[in-house]
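Undergrad: what shape does this take:
(4 chains)
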2 protein chains.
Amino acid sequence: MVTAREVAQLCGVSVATVSRVFNRPATVSAPTRERVERVARELDFSPNESARALSRQRSAMIGLVWDTDHRRPGWRHPFLQDLLLGLKSALSSHGYHLLLLATSDDARNRTAGVSLADPIAYVGMTRRHHLAGLVLIDSGSDAEAFTAFAQSGLPCVALDVAVAGPKATYVTSDNAAGASEAVRHLAALGHERIATLTGPRGNAPATARTEGYLRGMADAGLPVRDDYVVSGDFYRGSGFVGMRRLLARKHPPTAVFAASDEMAIGALLAARAAGLRVPADLAIVGFDDIEVAALVDPALTTVAQDKAEFGTAAAGALLGMIENAAAPEPVLLPTQLIVRDSCGTPHRQASAAAPRL
Amino acid sequence: MVTAREVAQLCGVSVATVSRVFNRPATVSAPTRERVERVARELDFSPNESARALSRQRSAMIGLVWDTDHRRPGWRHPFLQDLLLGLKSALSSHGYHLLLLATSDDARNRTAGVSLADPIAYVGMTRRHHLAGLVLIDSGSDAEAFTAFAQSGLPCVALDVAVAGPKATYVTSDNAAGASEAVRHLAALGHERIATLTGPRGNAPATARTEGYLRGMADAGLPVRDDYVVSGDFYRGSGFVGMRRLLARKHPPTAVFAASDEMAIGALLAARAAGLRVPADLAIVGFDDIEVAALVDPALTTVAQDKAEFGTAAAGALLGMIENAAAPEPVLLPTQLIVRDSCGTPHRQASAAAPRL
DNA sequence: CTGAAAGCGCTTACAG
DNA sequence: CTGAAAGCGCTTACAG
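TA: Numbers count the residues shown, from 1 in each chain, chains lettered A, B, ... in the order given. As a prediction, this is how the structure comes out:
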């Protein structure tokens, strides 16, 4: 590996000057700067990142806490790939790399990675690698550790979990608005007995979506029945079970708002198993707009999250704080109601040209 | 951040001894070791990673080259999330972090990230960060850069692209075997006019799947017609167009093997648009077993790749080479034919208990 | 505008 | 088994 010293010698300058060319080019005279730049290019020299990080006490890396631990076997982000894509693109264009931190539950093995749910471990890992900041993806049960980390003052942005701190903010969809829009859509189609399948307790988006359901019902002037609110865990199975429970009620709902597409699909299966037709006998709206939502039969009407923007917004907020800005307001991404076939529409149109699966 | 010096002072030893406790504990006397360990734990000390990397010329990070560049807008890995999961889990358990390298096409901006398709840039980035190794995900057009990097002697493992070098290997599915099994399955169902929709030229899995198709036809004693081999790009659109072309032949095929599920779905749409029933009029097999394969109607028979194992195997091979082993043989992951409904089966069974979407 | 020097926080031969 | 010292390759006040 060619070092600054070699470049310096070839240029007849000191390493300090070489360093300046790479860090504060304006402080170097034009002729010297150009000479150094040329030689550096010829030798394919770039400053060593480890040395640089050590010296500046700051690296060009941003950490990502993404729980892949066996403790939470079922956990699967509905759109991680899009999220990573947006994140990485935005970060890349500013010269930052994304470090997926090794995580482990093994407390004896602390050196090997951050211990999940241990904010001290996050802080330590960030400091030891001189990370410029952290992106925190909620996995359901480390929210407390996230908020604790946020208070350390190190830059971080959390996804789908509310945190606050001198250099902390978060991005999430406007879940309440999206949910209430879905409910109002159902009401506008003439439904009055509208139930909801909620996400897990303690999960922020789940809570907001339930809130949105309640608000939507109120907006539509519909009463909320306690037995129309059944809780799930975002996954398909809970949607199936929950829907079956709802259908067993004395007055079953005619429509259901599921707080995730997976649960909506579960509900679809339950309806079918009960001999009901969707949307004729039961209207269903989901949330997320995952890829399969358009592919199930009937295609799922759902509240779409802006998947690419999730990562981009997180990167933007984080980079801002890293470049010194104070913590910005939390980012509330607008959602979009995607009307497909699972609710029925006043006027359904055949789609011959672009057949749908 | 607490440093080794502070720990040393509190223990009345030198920093060298503290360092040894963390690197070669066996060389330190038991009482001293225990004292240092206790104090380190109390102070929450762990060696600074940047300093360590600089000093040892080796970090605990493994780089990942994953192209998210705008140049290849459509590129989408069929199972990146599973792959990352397997990769990260395996790496984590050995104490390695995964660094998603910033990539950029902007040659003037070289400091900011690796320039795609530039093996020199990969080598430089690896050296500057003292990466322990590199994982290379093929994105279609950087295969040359990958093979070049592999020859540098730095440890690397490529996914779905053949590379060779002193410390280089790759993992890929046994695409040929999977494809030929699919074709034989079709033949066993009585089909003789079996066509194939291939992946893009120059793509290794695509080539192997076409090979497998040819072998499967030969195994079944069926002649191969040139006009039954139409090329696509793995994406849905090309499957649609390709199928439409096949159906326009004088003697259209009665079955088709698509080299990806996306193309199979495209073929499904084309068949439907042409008024054909699947599987009655046309049998379709895909490849990959992506999530939606089970959800389309009819559910897609397909050749499943072992998605989790992809990442795990890559991590295993890489870690082996990092820990000094010579480059292992390329890993050929077995595939599995998943029979669903898109080919018809001699005896179809209704699935009342577990209804399928 | 430039250089000499200290410092970032470790690791590792080398002595003892 | 342990310490003093050199070194990893930069960056950044501090002088000039």
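Undergrad: CA atoms for contacts and neighbours, from now on please.
TA: Noted.
Undergrad: neighbours around the closest residue to A:I137 other than its chain neighbours, how many?
TA: Excluding the flanking residues, the one nearest A:I137 by Cα to Cα, 6 or more residues apart in numbering or on different chains is A:L159, at 5.1 Å. Residues contacting A:L159 under the criterion other Cα atoms under 10 Å in any protein chain shown number 22.
Undergrad: for A:L159, give me its contacts.
TA: A:135-138, A:170-172, A:314 (Cα atoms under 8 Å, 6 or more residues apart in numbering or on different chains).
Undergrad: switch the cut-off to 6 Å
TA: A:137, A:170-171 (Cα atoms under 6 Å, 6 or more residues apart in numbering or on different chains).
Undergrad: just the ones of the residues you listed in strands?
TA: Judged by DSSP state E, strands contain the following of the contacts of A:L159: A:137, A:170-171.
Undergrad: A:A206: helix or strand, and which one exactly?
TA: Assigning secondary structure by DSSP states H and E places A:A206 in helix A:204-219.
Undergrad: from the chain's centre, how far out does the following helix or strand past that helix sit?
TA: Using DSSP H and E, the helix or strand that follows helix A:204-219 towards the C-terminus is strand A:229-231. Distance of strand A:229-231 from its chain centroid, counting by Cα atoms, centre = their mean, to the nearest Å, is 24 Å.
Undergrad: buried residues, strand A:229-231. List them.
TA: A:229-231 (16 or more other Cα atoms under 10 Å in any protein chain shown).
Undergrad: list the strands paired with it, with their directions.
TA: Strand A:229-231 sits in its sheet next to strand A:194-198 (parallel), going by DSSP bridges.
Undergrad: what's the neighbour count on the residue lying closest to A:V256 once chain neighbours are set aside?
TA: The spatial neighbour of A:V256 that comes closest, neighbours along the chain excluded (Cα to Cα, 6+ apart), is A:A195 at 4.6 Å. As a burial measure, A:A195 scores 26 neighbours (other Cα under 10 Å).
Undergrad: I'd say A:A195 and A:A259 touch.
TA: No - counting by Cα atoms under 6 Å, A:A195 sits too far from A:A259 to count as a contact (10.9 Å).
Undergrad: what about the closest residue to DNA strand C within the stretch 101-250 of chain A, how many neighbours?
TA: For the stretch 101-250 of chain A, the residue closest to DNA strand C is A:R128, as judged by Cα to the nearest atom of the strand, at 7.7 Å. Neighbour count for A:R128, taken as other Cα under 10 Å: 22.
Undergrad: could you report the pLDDT at A:P119?
TA: A:P119 carries a pLDDT value of 76.
Undergrad: how near is it to A:Q57?
TA: 21 Å (Cα to Cα, to the nearest Å).
Undergrad: comparing the two, which shows the higher neighbour count?
TA: A:P119 (21 against 15).
Undergrad: would you mind naming what in the stretch 1-150 of chain A lies close to DNA strand D?
TA: A:1-5, A:15-20, A:22-23, A:45-48, A:51-52, A:54-56 (Cα under 7 Å from any atom of the strand).
Undergrad: buried set for stretch A:1-8?
TA: For stretch A:1-8, by 16+ other Cα under 10 Å, it's A:4, A:6-8.
Undergrad: cool, stretch A:29-36 as well?
TA: Applying 16+ other Cα under 10 Å to stretch A:29-36 flags A:32-33, A:35-36 as buried.
Undergrad: check contacts around the residue in chain A sticking out farthest from the centre.
TA: The centre of chain A is farthest from one residue, A:G12, which by Cα atoms, centre = their mean lies 50.5 Å away. Counting by Cα under 6 Å, 6+ apart, A:G12 touches no other residue.
Undergrad: for chain A, which segments count as strands?
TA: A:61-65, A:97-100, A:103-104, A:114-115, A:133-137, A:156-159, A:168-173, A:194-198, A:229-231, A:255-258, A:283-288, A:301-304, A:331-333, A:336-338.
Undergrad: flag every residue of the stretch 201-350 of chain A that's near chain B.
TA: A:V292 (Cα under 6 Å from any Cα of the partner chain).
Undergrad: again, only this time at 8 Å
TA: A:269, A:272-273, A:291-292, A:295-297 (Cα under 8 Å from any Cα of the partner chain).
Undergrad: circling back to that earlier point, ok, so of the ones in strands among the contacts of A:L159, who is nearest B:A264?
TA: A:I137 (33.9 Å; Cα to Cα).
Undergrad: who touches the closest one in this structure?
TA: A:64-67, A:158-160.
Undergrad: dump these into CSV; add distance to A:A176 as well.
TA: CSV is the format used below for the contacts of A:I137 (distance: Cα to Cα, whole Å):
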residue, distance to A:A176
A:L64, 27
A:V65, 26
A:W66, 25
A:D67, 26
A:A158, 18
A:L159, 16
A:D160, 13
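Undergrad: which of the residues you listed sits closest to DNA strand D?
TA: A:L64 (24.1 Å).
Undergrad: pretty sure that closest one sits against A:A102.
TA: No - counting by Cα atoms under 8 Å, A:L64 sits too far from A:A102 to count as a contact (9.4 Å).
Undergrad: residues from chain A in reach of DNA strand C?
TA: A:12-17, A:26-30, A:32-33, A:51, A:54-55, A:57.
Undergrad: hmm, back to that, looking at the buried residues of strand A:229-231, which is nearest DNA strand D?
TA: A:S231 (52.4 Å).
Undergrad: got the confidence number for the closest one?
TA: We have a pLDDT of 95 for A:S231.
Undergrad: could you verify my assumption that A:V331 touches A:Y170?
TA: Yes - using Cα under 8 Å, A:V331 is in contact with A:Y170, at 6.3 Å.
Undergrad: of these two, which one has the most company?
TA: A:Y170 (26 against 17).
Undergrad: what's stretch A:329-344 in contact with?
TA: By Cα under 8 Å, 6+ apart, stretch A:329-344 touches A:169-175, A:177-178, A:181-182, A:186, A:255, A:278-280, A:282-285, A:289, A:294, A:298-306, A:309-310, A:313.
Undergrad: can you flag the buried ones in those residues?
TA: Buried among the contacts of stretch A:329-344 (16+ other Cα under 10 Å): A:169-175, A:177-178, A:181-182, A:186, A:255, A:278-279, A:282-285, A:289, A:294, A:298-306, A:309-310, A:313.
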